[in-house]
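Would you be able to build a 3D model of this:
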Amino acid sequence: MLGDVHDVQTAVGAQEALRVLASDREFDVVLCDLQMPDVSGADLYATVLGRYPALAERFIFVTGGAFSSDAKRFLEESSCLVINKPFRVEDLLSMIDHKVEAAAAASAGTAAATAAAAARSAEARPSEKDDDDDGDDLPVAVA
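Presented below is the predicted three-dimensional model:
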């Protein structure tokens, strides 16, 4: 289903997910069940938020609807996307596309901000002349 459109890596449970995320944080989306046997999706999210804040923004939670008061409160208080089971594949793909586009925009914004900061930094640094008398006399940035 998803593997036809996206590269998918699965993890069985929160502990395995944390091991995967520890070695690779380049995921565009983390699709997470809210209720899992070993650790809840909310607890996994809290751990990821503490360790890898940028990755926490990429969560989409899946729920069957029957959840605890803690899970309900988590969903009400978080800004995470949620899809309820049963769902249409098209709806899930739309949510994933939204997250992928948001991650790409954030990445492009970060890259642009980094480039702008580097340019400002280079402009702010004093320059020296190339004084080796070879005639090229191009300014050299001093780091």
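
quick one: contacts of stretch 51-63?
21-22, 25, 27-35, 41, 45, 48-49, 71, 75, 80-85, 87, 92, 95-96, 99, 102-103, 106 (C-beta atoms under 8 Å, 6 or more residues apart in numbering). For the C-beta atoms, the positions are set from N, CA and C on the backbone; glycine is no exception.

Filter the residues you listed down to the ones in helices?
21-22, 41, 45, 48-49, 71, 75, 92, 95-96, 99, 102-103, 106 (DSSP state H).

Among the residues you listed, which one has the most neighbours?
Ranked by neighbour count (other C-beta atoms under 10 Å), those have Gly41 at the top, with 25 neighbours.

Surely that residue touches Leu34?
Yes - counting by C-beta atoms under 8 Å, Gly41 does reach Leu34; the two are 4.1 Å apart.

what residues are shared contacts of the two?
Residues touching both Gly41 and Leu34 by C-beta under 8 Å, 6+ apart: Phe61, Ala71.

Residue nearest the middle of this structure, spatially speaking?
Nearest to the mean C-alpha position of the chain, by C-alpha atoms, centre = their mean, lies Leu55 at 3.3 Å.

got the buried residues for the helix or strand hosting that residue?
Assigned by DSSP states H and E, Leu55 belongs to helix 53-56. The neighbour-count criterion (16 or more other C-beta atoms under 10 Å) identifies Leu55, Ala56 as the buried residues of helix 53-56.

And the next helix or strand past it?
strand 59-63.

average pLDDT across that following strand?
Mean per-residue pLDDT for strand 59-63: 94.
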